[in-house]
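Participant: Pasting the sequence and the predicted coordinates here, then a few questions.
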Amino acid sequence: MPWWGKYRDYIIVGAVVLIILILMGVNFQGVQAMPGMEFVSGTLIKPVSNSLYRVGSKVSDFFYFLRNVGSVRSENERLTAVEEDYDSLKLETEKLKQENARLKGLLDYKEASADYDMIGARVIGKSSGGWFDIFAIDVGKDSGIEEGMAVVTEKGLIGTVIEVHDQWAKVLSIIDENSSVSIRINRTGDNGMLHGDIDMKAKGLASAIYLPMTSNIKQGDDAITSGLGGVFPEGIYIGKVLNVENSHGDLYKTAIIKPNADFQRLENVLVIKTTHPKIDLGEVGGQ
Amino acid sequence: MRRYLIILLILILLFIVQTAILPFLTIYNISPDILLIFITAYSILNGQWEGMICGIVAGALMDVFYSPVYGIYSIVYTTIGFLVGRFSKNIFKENSFAALLFTIMGSVYKGILIVIFKAVLSYKTDIWMSFLALSLPEALLNGIIIFLTYDYLIRLNDHTLLKKNKTIF
């Protein structure tokens, strides 16, 4: 038996791992070019996963309802009270809207952000186990989805498209550790950066860092996307500030943000098809 | 041939259940890894090479859909399939306790590898939190599940539909 006979098995498995590492290096293009990959993922797995996800969602909704059935009465009372406020607010908004339009007309003001072009999508599956926070949606290149588009629900921002296939796309949610979103606190106008965190993720929270020391943000303030960096459009709602940490000796404030969207029970989402052109730093820097 | 087609279908089904049903059942982000459980049991019962191929297929499915770059789950599952088959050569294969131990070790190993990958990919991750909040609870959950289902997995492995034969069907 030659010298390597003893280690033959380990050499084989080492070679397999090496091949995977090489595939990792060529990453996306390499995997996509694999024959039949699009067919298997888009045509075979997607529909089954999609329908099973619906089943899981229905079952989850049922238990969610059972858990919250006790609070329905108090919720109802609260909503009735809110509705009374709503009527008067609606009138006031209407009045302000007209006034705003009239003043804009006087100033010849151009609308900065036109309405977003959006497309509806359904979640077909989600990474389980909390190692990564990635989910797949059932629209892809065929529907005009591109990398870097923002994904929202009616409640607020949930993520960004990181990989596009023919019939589906991969979305990184904003509470993943690898995600960073440039945000603004709506009331004070302070800019910051929203980051995922491994133990906050379990509670559906994320932390906002790099908030200026001089800002007076407090609990209950609203966080929206700032549009800086050119990834997300400006003004998408994210969530409320839950807590502000002001550790001694830091140069920045850190806030804990509770995103409004429920990341545990995602079902129907919207992809904003308006992307911002990336700023060419070479031109801006004059180099 | 029929055997391997059925195993492939089982793997795809487990993958879909893991990513479409289990996310709704998680508590504090902890959910069992049923692909890892199946690979461990399969590898104990059928040896390192079949275990490794099982791992390559399951890893490819997870990587294509739910990993930030291709390869993380592939390497985890492939090496688990191989190593479990390798080190379980001389044990009594029908023992649920052995399967439990291998699953717990495999889950912890998965946690270590993923944390290393996250460090390489420059994730801002908290290593101790990853172990305490994710890896250990998941390992315990996986252990409990394989302990309860191992007898059924052995019966499935010996099922007449899964007989090894030379013909196509």
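Facilitator: Yep, it's here. Numbers count the residues shown, from 1 in each chain, chains lettered A, B, ... in the order given.

Participant: Would you point out which residue of the stretch 51-200 of chain A is nearest chain B?
Facilitator: A:G130 (3.2 Å; Cβ to the nearest Cβ). Every residue, glycine included, has its C-beta placed from N, CA and C.

Participant: So, low pLDDT: which residues of the stretch 151-287 of chain A?
Facilitator: Where the stretch 151-287 of chain A drops to pLDDT under 70, the residues are A:247-248, A:275-287.

Participant: which parts of it sit against chain B?
Facilitator: A:162, A:170, A:172, A:177-178, A:195, A:197-199, A:201-203, A:264-265 (Cβ under 8 Å from any Cβ of the partner chain).

Participant: picking that back up, wait, isn't the residue of the stretch 51-200 of chain A closest to chain B in contact with A:K201?
Facilitator: Yes: at 6.6 Å, A:G130 counts as touching A:K201 under the criterion of Cβ atoms under 8 Å.

Participant: Now do the shared contacts for these two.
Facilitator: B:N29 (Cβ atoms under 8 Å, 6 or more residues apart in numbering or on different chains).

Participant: How about the backbone phi and psi for A:S226?
Facilitator: Per-residue torsions, A:S226: phi -90, psi -20 (degrees, to the nearest 10).

Participant: That one contacts A:S182, correct?
Facilitator: Yes: with contacts counted by Cβ under 8 Å, A:S226 reaches A:S182, the gap being 4.8 Å.

Participant: Would you mind measuring the gap between the ends of stretch A:131-145?
Facilitator: Criterion Cα to Cα, to the nearest Å; first-to-last residue distance in stretch A:131-145 is 26 Å.

Participant: elements contacting the host helix or strand of A:A223?
Facilitator: Of the helices and strands defined by DSSP states H and E, A:A223 is found in strand A:222-225. Strand A:222-225 sits against strand A:180-185, strand A:237-245, with contacts defined as 3 or more Cβ pairs under 8 Å, 6 or more residues apart in numbering or on different chains; DSSP states H and E.

Participant: hang on, the earlier thing: can I take it that the residue of the stretch 51-200 of chain A closest to chain B is in a strand?
Facilitator: No: checked against DSSP: H, G, I helix; E, B strand; the rest coil, A:G130 lies outside a strand; its state is coil.

Participant: what about it, how many neighbours?
Facilitator: 21 (other Cβ atoms under 10 Å in any protein chain shown).

Participant: contacting residues around it?
Facilitator: Going by Cβ under 8 Å, 6+ apart, A:G130 touches A:198, A:201-202, B:26, B:29-31, B:133-134.

Participant: how about TSV for those residues, with secondary structure and neighbour count added?
Facilitator: Listed next are the contacts of A:G130 as TSV, based on DSSP: H, G, I helix; E, B strand; the rest coil; neighbours: other Cβ atoms under 10 Å in any protein chain shown:
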residue	secondary structure	neighbour count
A:I198	helix	24
A:K201	helix	22
A:A202	coil	18
B:T26	coil	16
B:N29	coil	22
B:I30	strand	19
B:S31	coil	23
B:A133	helix	19
B:L134	helix	23
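
Participant: Kindly present the residues you listed as a markdown table, with separate columns for distance to B:L45.
Facilitator: Formatted as a markdown table, the contacts of A:G130 follow (distance: Cβ to Cβ, whole Å):
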| residue | distance to B:L45 |
| --- | --- |
| A:I198 | 35 |
| A:K201 | 36 |
| A:A202 | 35 |
| B:T26 | 29 |
| B:N29 | 31 |
| B:I30 | 27 |
| B:S31 | 25 |
| B:A133 | 32 |
| B:L134 | 28 |
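
Participant: Low-confidence regions, the stretch 1-150 of chain A specifically.
Facilitator: A:1, A:27-35, A:109-115.

Participant: what residues does it put near chain B?
Facilitator: Proximity of the stretch 1-150 of chain A to chain B, by Cβ under 8 Å from any Cβ, involves residues A:9, A:13, A:16-17, A:20-21, A:23-24, A:27-28, A:30-31, A:37, A:41, A:44-45, A:48-50, A:52-53, A:55-57, A:59-60, A:124-132, A:134-136.

Participant: coming back round to it: out of the helices and strands packed on strand A:222-225, the one nearest B:I10 is which?
Facilitator: Closest approach to B:I10 among these is made by strand A:180-185 (38.9 Å; Cβ to Cβ).

Participant: Pull out the buried residues from the closest one.
Facilitator: Buried residues in strand A:180-185, counting neighbours by 16 or more other Cβ atoms under 10 Å in any protein chain shown, are found at A:180-185.

Participant: Same check on stretch A:150-163?
Facilitator: Across stretch A:150-163, burial judged by 16+ other Cβ under 10 Å covers A:150-153, A:156-163.

Participant: Check what pLDDT B:I10 gets.
Facilitator: As predicted, B:I10 sits at a pLDDT of 92.

Participant: which non-adjacent residue is nearest it?
Facilitator: Once flanking residues are discounted, B:I10 sits nearest to B:F38: 7.3 Å by Cβ to Cβ, 6 or more residues apart in numbering or on different chains.

Participant: Can you name the next helix or strand after the strand or helix carrying the one you found?
Facilitator: Using DSSP H and E, B:F38 falls within helix B:34-46. Where DSSP H and E defines the elements, the next helix or strand beyond helix B:34-46 is helix B:48-66.

Participant: does chain A sit close to that following helix?
Facilitator: Yes: against chain A, helix B:48-66 shows contacts by Cβ under 8 Å from any Cβ at B:48, B:52, B:56, B:59, B:61-66.

Participant: That helix versus helix B:34-46: what angle between them?
Facilitator: Angle of helix B:48-66 versus helix B:34-46, following axes from the mean of the first three to the mean of the last three Cα atoms, to 10 degrees, is 170 degrees.

Participant: pLDDT of helix B:48-66, averaged?
Facilitator: So the average pLDDT for helix B:48-66 ends up being 90.

Participant: Name the residues of that helix that come out as buried.
Facilitator: Those would be B:48, B:50-66, for helix B:48-66 by 16+ other Cβ under 10 Å.

Participant: Can you spell out which helices and strands pack onto that helix?
Facilitator: Judged by 3+ Cβ pairs under 8 Å, 6+ apart, helix B:48-66 is in contact with helix A:8-33, strand A:118-126, strand A:134-137, helix B:2-20, helix B:34-46, helix B:72-87.

Participant: Mind listing residues that contact the third one?
Facilitator: Residues outside strand A:134-137 that contact it (Cβ under 8 Å, 6+ apart): A:46, A:49, A:121-127, A:151, A:159, A:162, A:168-173, A:176, A:266, A:269, A:271, B:19, B:65-68.

Participant: Following the chain onward from it, which element is next?
Facilitator: Note on strand A:134-137: by DSSP H and E, the next helix or strand toward the C-terminus is strand A:150-153.

Participant: Other residues contacting that following strand?
Facilitator: Residues from elsewhere that reach strand A:150-153 (Cβ under 8 Å, 6+ apart): A:121, A:137, A:157-161, A:171, A:225, A:231-233, A:236, A:261, A:266, A:268-272.

Participant: Can you tell me which of the residues you listed are buried?
Facilitator: The neighbour count (16+ other Cβ under 10 Å) marks A:121, A:137, A:157-161, A:171, A:225, A:231-233, A:236, A:261, A:266, A:269-272 as buried among the contacts of strand A:150-153.
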